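Visitor: Okay, predicted coordinates and the sequence, questions at the end:
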Amino acid sequence: MKQGRLIIAANWKMNRAPEGALAEGSPYLPNKDIDVVVFATLLDLRRCIVAGIITGAQYGFPKEKGAYTGETSMQMICEEGAQYVLCGHSERRDPPHNETDEFIAEQVASALKAGIYPILCIGETEKEHDADLTFDVIDRQLKRVTLTPKVTIAYEPRWAIGSGKTPTPSEAQKIHAFIKKKGGSRTLYGGSMNGKNAKDFLKQPDIDGGLIGGASLKPKEFAMIVEAARAITGRITGYA
Ligand code: PEP
């Protein structure tokens, strides 16, 4: 039995809420055993919140307000009722966004100031993985961020996102153990997690949940991941 509340987070990316997601009995709704969080588009946040779902934004701008056309601040996301925000998702570190470690560190600080929980996404590219640079990349990505107990870290190897490829659960465990020593609170695994492989990742001692993209758009598949997490839940200490 794990010590703590696991977190299962759905990243719907640039997709509207899946059919039935907002209805009674949906797997995206809170349950007593684990934390379920949905990262919806800004346009779906309010609908999700009204339906009772715990939500997060997929991105937030680190300035509070002003002449930043097209942006939405962490403060505004908080006022809308979202409780979490993703910072540094690999799809935003890549072109056309090219977010840097410095910018992402600013986002984390801004989210904390606004009163929402940042989920900081880190992870190496395939090239870096093959060159055995994973730990160096993670070190670099974490260096500029102040890792308070309110920061959750999602380890998402960039080569595993949306590819159907994953590290083995024990490889992922080693990397999570390394990340845990750096600070923050819970550490999540992300990258092609699905209803079949979720349990093997979630039962690793330093993996406290999952960030799920593709499979989170299929309510039945997402429900399987939620159930896998519920089956191994307990209490994790040390997070705010
Ligand atoms: C993600 O986008 O954070 C992600 C993990 O995607 P997928 O589950 O599709 O690999």
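Guide: Received the coordinates, thanks.
Visitor: Now do the helix or strand where Glu91 lies, average pLDDT.
Guide: For Glu91, the host element (DSSP states H and E) is helix 90-93. Average pLDDT, helix 90-93: 96.
Visitor: Quick check on the residue in the chain positioned nearest to the ligand: phi, psi?
Guide: In the chain, the residue that lies nearest the ligand is Gly213 (2.2 Å; Cβ to the nearest ligand atom). Every C-beta, even on glycine, is put in place using the N, C-alpha and C of the backbone. Main-chain dihedrals, Gly213, degrees, to the nearest 10: phi -100, psi -90.
Visitor: What separation do you get for it and Gln58?
Guide: Gly213 sits at a distance of 11 Å from Gln58 (criterion: Cβ to Cβ, to the nearest Å).
Visitor: Ok, Phe39 next?
Guide: Separation of Phe39 from Gln58 (Cβ to Cβ) stands at 5 Å.
Visitor: Now do the shared contacts for those two.
Guide: Counting by Cβ atoms under 8 Å, 6 or more residues apart in numbering, the shared contacts of Phe39 and Gln58 are 11, 86.
Visitor: Output the set of residues of the protein in proximity to the ligand.
Guide: Residues of the chain lying close to the ligand by Cβ under 6 Å from any ligand atom are 11, 156, 161-162, 190-193, 211-215.
Visitor: filter those to the buried ones?
Guide: 11, 156, 161, 190-193, 211-215 (16 or more other Cβ atoms under 10 Å).
Visitor: Can I get these in a markdown table including distance to Gln83 and pLDDT?
Guide: Formatted as a markdown table, these follow (distance: Cβ to Cβ, whole Å; pLDDT from 0 to 100):
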| residue | distance to Gln83 | pLDDT |
| --- | --- | --- |
| Asn11 | 15 | 98 |
| Glu156 | 20 | 98 |
| Ile161 | 23 | 97 |
| Gly190 | 18 | 98 |
| Gly191 | 24 | 98 |
| Ser192 | 26 | 97 |
| Met193 | 22 | 98 |
| Leu211 | 15 | 98 |
| Ile212 | 18 | 98 |
| Gly213 | 20 | 98 |
| Gly214 | 23 | 98 |
| Ala215 | 22 | 98 |
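Visitor: quick one: low-confidence parts of the chain?
Guide: 1-4, 234-240 (pLDDT under 70).
Visitor: about what we covered before: so for Phe39 and Gln58, which residue has more residues nearby?
Guide: Phe39 (27 against 20; other Cβ atoms under 10 Å).
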